[in-house]
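Participant: dropping the sequence and predicted coords here.
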Amino acid sequence: MSDRLSILIAEDSAADRLLLSTIVGRQGHRVLTAADGQQALALFEQERPQLVLMDALMPVMDGFEASRRIKELAGEELVPIIFLTSLTESEALVRCLEVGDDVLGKPYNQIVLQAKIRAMDRLRRLQQVVLEQRDLIAKHNEHLLTEQRVAKAVFDKVAHSGCLGAPNIRYLQSPFALFNGDLLLAAFKPSGGMHVLLGDFTGHGLPAAIGAMPLAEVFYGMTAKGFSMAEILREMNTKLKRILPVGVFCCATLLNLSFQRRVVEVWNGGLPDGHLLRANGERVALVSRHLPLGVLDAGAFNEAREVYPIEQGDRIFLLSDGVLETRDASGQLFGEERLLRVFAAGHPPARLFDEIQRALTAFRGEAQDDVSMVELCMVEEALLNRPPLAFTDSGQSSPLDWSASFEFRAETLKRFNPLPFILQLLMEVQGLRAQGGALYTVLAELYSNALEHGVLALDSSLKADAQGFARYYRQRVQRLQALQEGFVRFELRLEPQGDGGCLRISVQDSGGGFDVARALGREPERGCLSGRGLRLVRQLADQCQWSTDGRGVTVEFRWSA
């Protein structure tokens, strides 16, 4: 029969043992018998019965000790023990139930015994089902955790493949769950400087992190190819708008830090204010002026940035809302006011990051969300130990003898950044790759000069102070939007020379030109925010020559095998 059990009867009375064996056997069960507790224990180890009828008072080893040891041997498996006893005292019955599962009083009632055996068997089977389901859940949970660990390893490699280890960056990330809805990305630009992005997806955990992978791919891929900050913002917004469900978006702050030009461009969409702390103690709030990424369609998205001069020793702090929303035991928020008190306390700039962390710890707050904070310090770029540019091909099939000419006119200049297009073409030349950083920097500087001072006729003397600097970039945006005519022309010529080669780049613009000798002869004033570009070009190129009218320049890069 399917309900047939193996039942151990431990009873020192031979008559009672025979009676119980007969009753249990007639019910269809397999019977094992023992005359004392020690025999019962040995028989249990050997036969592993499914249920035990145990006399409480027996010689050699009583039923209480035998039951305790049987329970230890059974482990997680439930082996019900029904005590057989003539004891009537409450304390004795309680002791029976403490080490066993039920009590059957003497004299034995056949119907009651059968009912108790069935009830204990149901309990035993239920325990088996619970253990099986627990093991199945544990197996599934381990499988899920393994998948999450693999996914997180991939996520971390993609999200943290940039330059977060650079000496001018400090950051804190404390995820509310295994996956972090906050995203921190940093990458060196080929033309010098770096892009840094702090993002905060709605929610936390895996659903919040799901958009981080495509966002990181766009950020790193386009930064490596020399795309501008505006182009990267548009692409990230478009991609998130396309793939994220309604109601999921990414609050973000993106920085473009240029070490040569000593400027930082800022776009803040939905994150708490960032803070630019100058070495002289002045604090500038980097206010959110845009909707988060992934909310607006491409046509309505606004990539307008704010531009600030930045000098050595200046620091930028960005934080997610998890910092401000940290609560103490009474439910109070850490809030922006406490953060500003840390900034205003007069701490040395190098200690501010630690002081903010110390203030959070002293607040004894519990994070309600992912907590992220990053400090970015303006330093000399030579201190950053930039890695060489990486390429996916060997360059063995690179072209060695060619020329090309490109002219970008008004409508194109408004909407298109030609630098990534030209730079990718030049990086096909294996011999130029070792000079990739210098080449990117020179091309970016020449294009900026041709566009801003040539086509747009902007006056660099405006950048004499921070206010003039902001006015300069407002004029740049306005004049570029209103541009009706003008051009920037690139002529590229590559020639083999001995065991190496030479690249000549000529850049010409439609502007009115400038006095090259005067510009090069003028020493930059201390604290001046302009005038570095021409000297930088001369330092990085092997040869540099401007036209007499100041409307064109030719630079050369040479290499040998």
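Facilitator: In hand now; what should we look at?
Participant: in this structure, which helix or strand is least confident?
Facilitator: helix 206-209 (a mean of 68; mean pLDDT, DSSP states H and E).
Participant: heading C-terminal from that one, find the next helix or strand.
Facilitator: Using DSSP states H and E, the helix or strand that follows helix 206-209 towards the C-terminus is helix 212-224.
Participant: which residues does that following helix contact?
Facilitator: Helix 212-224 has contacts (Cβ atoms under 8 Å, 6 or more residues apart in numbering) with 155, 158-159, 161-162, 183, 185, 187-190, 195, 197, 199, 201, 231-232, 235-236, 239-240, 243, 250, 293, 389-390, 420. Using the backbone N, CA and C atoms, a C-beta is placed for each residue, glycine as well.
Participant: CA atoms of whichever helix or strand comes after that helix as PDB?
Facilitator: On the C-terminal side of helix 212-224, the closest following helix or strand by DSSP H and E is helix 229-243. Output of helix 229-243 as PDB, limited to C-alpha atoms (Å, rounded to 0.1, in the frame of the first residue of the first chain):
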ATOM      1  CA  MET A 229      29.600  66.900 -25.700                       C
ATOM      2  CA  ALA A 230      26.500  68.100 -27.500                       C
ATOM      3  CA  GLU A 231      26.500  65.200 -29.900                       C
ATOM      4  CA  ILE A 232      27.000  62.700 -27.100                       C
ATOM      5  CA  LEU A 233      24.100  64.200 -25.200                       C
ATOM      6  CA  ARG A 234      21.800  64.000 -28.200                       C
ATOM      7  CA  GLU A 235      22.700  60.400 -28.900                       C
ATOM      8  CA  MET A 236      22.300  59.300 -25.200                       C
ATOM      9  CA  ASN A 237      18.900  61.000 -25.000                       C
ATOM     10  CA  THR A 238      17.700  59.500 -28.200                       C
ATOM     11  CA  LYS A 239      18.800  56.000 -27.300                       C
ATOM     12  CA  LEU A 240      17.200  56.100 -23.800                       C
ATOM     13  CA  LYS A 241      14.000  57.600 -25.200                       C
ATOM     14  CA  ARG A 242      13.800  54.700 -27.600                       C
ATOM     15  CA  ILE A 243      14.600  51.800 -25.300                       C
END
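Participant: enumerate every residue touching the nearest residue to Met54 once chain neighbours are set aside.
Facilitator: Closest residue to Met54 apart from its sequence neighbours, by Cβ to Cβ, 6 or more residues apart in numbering: Gly63 at 4.4 Å. Contact analysis of Gly63 by Cβ under 8 Å, 6+ apart lists Ala10, Gly37, Met54, Asp55, Ala56, Leu57, Phe83, Leu84.
Participant: in CSV: those residues, plus distance to Ser460.
Facilitator: CSV is the format used below for the contacts of Gly63 (distance: Cβ to Cβ, whole Å):
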residue, distance to Ser460
Ala10, 101
Gly37, 100
Met54, 98
Asp55, 104
Ala56, 101
Leu57, 105
Phe83, 98
Leu84, 103
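Participant: mind listing which of those are in helices?
Facilitator: Cross-referencing these against helices under DSSP state H gives Gly37.
Participant: at the geometric centre of this structure, which residue do we find?
Facilitator: Leu183 (4.2 Å; Cα atoms, centre = their mean).
Participant: please name the nearest non-neighbouring residue to that one.
Facilitator: Per Cβ to Cβ, 6+ apart, closest to Leu183 is Gly199, 4.0 Å.
Participant: which helix or strand contains the one you found?
Facilitator: Judged by DSSP H and E, Gly199 forms part of strand 194-201.
Participant: show me what that strand is packed against.
Facilitator: Under the contact definition 3 or more Cβ pairs under 8 Å, 6 or more residues apart in numbering; DSSP states H and E, strand 194-201 sits against strand 182-188, helix 212-224, strand 250-258, strand 315-319, strand 371-377.
Participant: can you count the residues close to Glu381?
Facilitator: 19 (other Cβ atoms under 10 Å).
Participant: over to Val553?
Facilitator: By the criterion of other Cβ under 10 Å, Val553 has 23 neighbours.
Participant: and whatever helix or strand it lives in, how far from the chain's centre?
Facilitator: Using DSSP H and E, Val553 maps to strand 552-560. Averaged C-alpha coordinates place strand 552-560 at 41 Å from its chain's average position (Cα atoms, centre = their mean, to the nearest Å).
Participant: stretch 346-359 now?
Facilitator: That offset, for stretch 346-359, works out to 24 Å (Cα atoms, centre = their mean).
Participant: who's in contact with it?
Facilitator: With contacts defined as Cβ under 8 Å, 6+ apart, stretch 346-359 is touched by 170, 172, 277, 279, 313, 315, 317, 334, 338-339, 341-343, 345, 373, 375.
Participant: can you flag the buried ones in those residues?
Facilitator: Among the contacts of stretch 346-359, those that count as buried by neighbour count (16 or more other Cβ atoms under 10 Å) are Arg170, Leu172, Leu277, Arg315, Phe317, Phe334, Arg338, Leu339, Val342, Phe343, Met373, Glu375.
Participant: Tyr447: which of these is nearest?
Facilitator: Tyr447 lies nearest to Arg315 out of those, by Cβ to Cβ, at 29.6 Å.
Participant: now stretch 468-475: average pLDDT?
Facilitator: Mean pLDDT, stretch 468-475: 84.
Participant: list the buried ones in that stretch?
Facilitator: Residues Gly468, Phe469, Ala470, Tyr472, Tyr473, Gln475 are the ones in stretch 468-475 that count as buried (16+ other Cβ under 10 Å).
Participant: tell me which element the third one falls in.
Facilitator: With the criterion set as DSSP H and E, the secondary-structure element containing Ala470 is helix 466-481.
Participant: so which elements touch that helix?
Facilitator: strand 306-309, helix 410-415.
Participant: give me the residues contacting the first one.
Facilitator: Contacts to strand 306-309, defined as Cβ under 8 Å, 6+ apart, come from residues 262-267, 276, 284, 286, 289, 463, 466, 469-470, 473, 529.
Participant: still on that earlier bit, and the helices and strands packed on helix 466-481, which is most packed in?
Facilitator: Comparing those by mean neighbour count (mean count of other Cβ atoms under 10 Å), strand 306-309 ranks first with a mean of 19.
Participant: what angle sits between the longest helix anywhere in the chain and strand 182-188?
Facilitator: Counting by DSSP H, the longest helix found in the chain is helix 110-159. Here helix 110-159 runs at an angle of 30 degrees relative to strand 182-188 (axes from the mean of the first three to the mean of the last three Cα atoms, to 10 degrees).
Participant: could you give the angle of helix 110-159 to helix 212-224?
Facilitator: 10 degrees.
Participant: got a list of contacts for the following helix or strand past helix 110-159?
Facilitator: Remark: after helix 110-159, the chain's next helix or strand is strand 169-174, criterion DSSP H and E. Applying Cβ under 8 Å, 6+ apart, the contact partners of strand 169-174 are 163-164, 180, 182, 184, 186, 196, 322, 353, 357, 367, 370-377.
Participant: using CSV, write out the CA atom coordinates for strand 169-174.
Facilitator: Output of strand 169-174 as CSV, limited to C-alpha atoms (Å, rounded to 0.1, in the frame of the first residue of the first chain):
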residue,chain,number,x,y,z
ILE,A,169,38.9,62.0,-9.5
ARG,A,170,37.6,60.8,-6.2
TYR,A,171,34.2,59.1,-5.9
LEU,A,172,31.8,57.3,-3.5
GLN,A,173,29.2,54.8,-4.7
SER,A,174,27.1,53.0,-2.2
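Participant: the inter-axis angle of it versus strand 182-188?
Facilitator: Inter-element angle recorded for strand 169-174 and strand 182-188: 160 degrees (by the same axes, to 10 degrees).
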